[in-house]
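Colleague: here is my input, please return the structure:
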Amino acid sequence: MALSDVELTVNLYTEGDKFFDLLKAAVRDWQGGWGHERERAAYALELYQRSLQTMRAHLEEARVKAEGGFFTDQDQRILNRTEEKLAYWEKKLAEIKK
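Modeller: I've put the predicted structure just below:
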């Protein structure tokens with residue numbers, strides 16, 4: 001058995017809304033609890049932030065491709081939608097960190 005056999009991949013474009021909602025709820029529910037609950041909240045917050053970083057990196061790569069001319073109208077729509085999602089989830093992150 002390889003460690004890669006137990007990896008989980010989340011598509012942040014198609015499943016991101018549910019994923020971020022779940023992490024947001026975990027952070028809110030566990031922030032003020034027992035020590036082990038605060039550890040869970042911290043881990044959920046870390047996953048949230050790492051996921052946003054992944055989205056930002058993807059968007060930067062997509063923008064570079066767009067500037068190089070390797071882009072279709074559908075690609076542009078996906079890029080715009082991903083930018084909207086990223087902005088929304090960054091706003092939610094700021095709210096839960098207050």
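Colleague: longest single helix anywhere in this structure?
Modeller: Taking DSSP state H as the criterion, the chain has its longest helix at helix 35-67.
Colleague: pLDDT on that helix, on average?
Modeller: The predicted model assigns helix 35-67 a mean pLDDT of 93.
Colleague: pull out the buried positions in it.
Modeller: 40, 41, 44, 45, 47, 48, 51, 52, 55, 62 (16 or more other Cβ atoms under 10 Å). Bear in mind the C-beta positions are built from the backbone N, C-alpha and C, glycine included.
Colleague: then stretch 24-36?
Modeller: 24, 26, 27, 30, 31.
Colleague: related to what we said a few turns ago, looking at the buried residues of helix 35-67, spot the one nearest residue 5.
Modeller: residue 47 (20.6 Å; Cβ to Cβ).
Colleague: my read: residue 83 touches residue 60, true?
Modeller: No. If you go by Cβ atoms under 8 Å, residue 83 and residue 60 don't touch, sitting 11.0 Å apart.
Colleague: burial count for residue 94?
Modeller: Close neighbours of residue 94, defined as other Cβ atoms under 10 Å, add up to 9.
Colleague: ok so, going back, the buried residues of stretch 24-36 in strands, which ones?
Modeller: Among the buried residues of stretch 24-36, no member falls in strands (DSSP state E).
Colleague: and which of the residues you listed is nearest residue 7?
Modeller: The nearest one, if we look at the buried residues of stretch 24-36 relative to residue 7 and count by Cβ to Cβ, is residue 26, at 20.3 Å.
Colleague: contacting residues for that closest one?
Modeller: 40, 41, 44 (Cβ atoms under 8 Å, 6 or more residues apart in numbering).
Colleague: can I get those in CSV including distance to residue 97?
Modeller: Listed next are these as CSV, based on distance: Cβ to Cβ, whole Å:
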residue, distance to residue 97
40, 16
41, 11
44, 12
